[in-house]
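**Q** Take this sequence and fold it.
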Amino acid sequence: MQRIRLRYTKRGRLRFTSHRDFQRAFERALRRAEVPMAYSAGFTPHPKVSYANAAPTGTGSEAEYLEIQLTERRDPETVRALLDASLPDGLDVTEAVEARTSGLADRLQASVWELRLDGVGTEEAGRAVQAFLAAAEVPVERRTKNGLRTFDARGAVARLEALPAEGAATAPAPGDRPGGGACAILRLVVRHLTPAVRPDDVLSGLRVTADLAPPVPAAVTRLAQGLLDEETGAVTDPLAPDRDAATAAASTAAGASTAQAASGDSPAISGEGTA
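**A** Sure, this is the predicted structure:
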């Protein structure tokens, strides 16, 4: 058995793909790529795929993660390339590593989000950010399957800043957003708590604290997710421990091979001296 962890994106109009739709598309890609998947037991076996903290429908993402279990060993980069070619443009598999550590889901502690606010000036967005951060609590309401629920949007936000449009990490697709006019970028780091606080909840909080109401819906993109450094607000790559473990294993194997070769030469040299 082998486990491979993948990072993939949801770009452009594919951000409107629901998680269920992505699951179906990904399972088709597994079949097309002829990946030797492990399956669950029972009357309706399913490929062993573990999805981690999927982004809400309608939001883009540069950092979605999942893990697949294989019955035969494969090169992770080869699997990545085959799956990427089997998925539609916008659902792009950007990285693959062999799982050498446990707890991928436990390492997804926070997300970095980018919100593009067309029709909102940077100064106006900056004032709203200051008001939001100055509040001890920002209660917002969201309708869930269990009815209307009120929770604090402020406590989940580890960092929030307003930037000019030039500071955006992603660019909208041609024709996807209004052209010209003011545009502010919000960059925020949100802890993964229960109940989950989503970017639209933070926008609701900005409306509550500073009456910030963009004239068009915000374009929301997840830039990263991983471990959160509470002091700096930085979010680190959750696949880094697996890459580090792979590098360490390769170094250990190379050292063992060198040592074995050296020990194999020793008896011959000793024998020549004895003769």
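
**Q** host element of the closest residue to residue 158 other than its chain neighbours?
**A** With C-beta to C-beta, 6 or more residues apart in numbering as the criterion, residue 158 has its nearest non-adjacent residue at 4.3 Å, and that residue is residue 189. No exception for glycine: its C-beta is placed from N, CA and C like everyone else's. Secondary structure here is read from DSSP states H and E; on that basis residue 189 sits in strand 183-191.

**Q** Let me see the contact set for residue 238.
**A** Contacts here follow C-beta atoms under 8 Å, 6 or more residues apart in numbering; on that basis residue 238 touches 65, 104, 107, 108, 225, 226, 227.

**Q** Which ones among those lie within strands?
**A** Judged by DSSP state E, the subset of the contacts of residue 238 located in strands is 65, 225, 226, 227.

**Q** rewinding a little: what is the nearest of the contacts of residue 238 to residue 242?
**A** Of all the contacts of residue 238, the one with the least separation from residue 242 (C-beta to C-beta) is residue 104, at 8.3 Å.

**Q** Kindly give the local confidence score, pLDDT, for that closest one.
**A** Each residue has a pLDDT score; the one for residue 104 is 93.

**Q** Would you confirm that it contacts residue 52?
**A** Yes: the pair formed by residue 104 and residue 52 meets the contact definition of C-beta atoms under 8 Å, at 6.0 Å.

**Q** which residues do those two both contact?
**A** With C-beta under 8 Å, 6+ apart applied, the overlap between the contact sets of residue 104 and residue 52 consists of 65, 67.

**Q** Just want to know which of those two has more residues nearby.
**A** More crowded of residue 104 and residue 52, by other C-beta atoms under 10 Å: residue 104, with 21 against 16.

**Q** For beta bridges, what are the partners of the residue nearest to residue 158?
**A** Using DSSP bridges, the bridge partners assigned to residue 189 are residue 112, residue 159.

**Q** Quick check: pLDDT value at it.
**A** With respect to pLDDT, residue 189 has a value of 97.

**Q** mind listing the strands for the protein?
**A** With DSSP E as the criterion, the chain has strands spanning 2-10, 49-52, 60-70, 93-98, 110-118, 139-144, 147-152, 157-164, 183-191, 219-228, 235-236.

**Q** Show me which of those has the highest average neighbour count.
**A** When you average the neighbours per residue for each of the strands of the chain (mean count of other C-beta atoms under 10 Å), strand 110-118 leads with a mean of 24.

**Q** what is the orientation angle of that strand with strand 219-228?
**A** Here strand 110-118 runs at 160 degrees with respect to strand 219-228, directions being taken by axes from the mean of the first three to the mean of the last three C-alpha atoms, to 10 degrees.

**Q** Report how many residues lie close to the closest residue to residue 56 other than its chain neighbours.
**A** Beyond its immediate neighbours in the sequence, the residue positioned closest to residue 56 (C-beta to C-beta, 6+ apart) is residue 198, lying 5.8 Å away. Neighbour count for residue 198, taken as other C-beta under 10 Å: 19.

**Q** any idea how far residue 198 lies from residue 153?
**A** Between residue 198 and residue 153 the distance, using C-beta to C-beta, to the nearest Å, works out to 9 Å.

**Q** Return every residue with contacts to both of the two.
**A** The contact lists of residue 198 and residue 153 share no entry, where a contact means C-beta under 8 Å, 6+ apart.

**Q** need the contact list for residue 106.
**A** Under the criterion of C-beta under 8 Å, 6+ apart, residue 106 has no contact partners.

**Q** ok so, going back, quick check: the residue nearest to residue 56 touching residue 58?
**A** No: using C-beta under 8 Å as the test, residue 198 is too far from residue 58 to be in contact (10.3 Å).

**Q** so how far is residue 160 from residue 203?
**A** 11 Å.

**Q** Oops, could you answer that again for residue 234 instead?
**A** In this structure, residue 234 and residue 160 are 14 Å apart, going by C-beta to C-beta.

**Q** Can you show me the CA trace of stretch 241-250 as PDB?
**A** The C-alpha atoms that make up stretch 241-250 are tabulated as PDB, following Å, rounded to 0.1, in the frame of the first residue of the first chain:
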ATOM      1  CA  PRO A 241       6.900  17.500   6.600                       C
ATOM      2  CA  ASP A 242       6.300  14.800   4.000                       C
ATOM      3  CA  ARG A 243       8.900  16.400   1.700                       C
ATOM      4  CA  ASP A 244      11.400  16.700   4.600                       C
ATOM      5  CA  ALA A 245      10.800  13.000   5.500                       C
ATOM      6  CA  ALA A 246      11.300  11.900   1.900                       C
ATOM      7  CA  THR A 247      14.600  13.900   1.800                       C
ATOM      8  CA  ALA A 248      15.800  12.400   5.100                       C
ATOM      9  CA  ALA A 249      14.900   8.900   3.900                       C
ATOM     10  CA  ALA A 250      16.800   9.400   0.700                       C
END
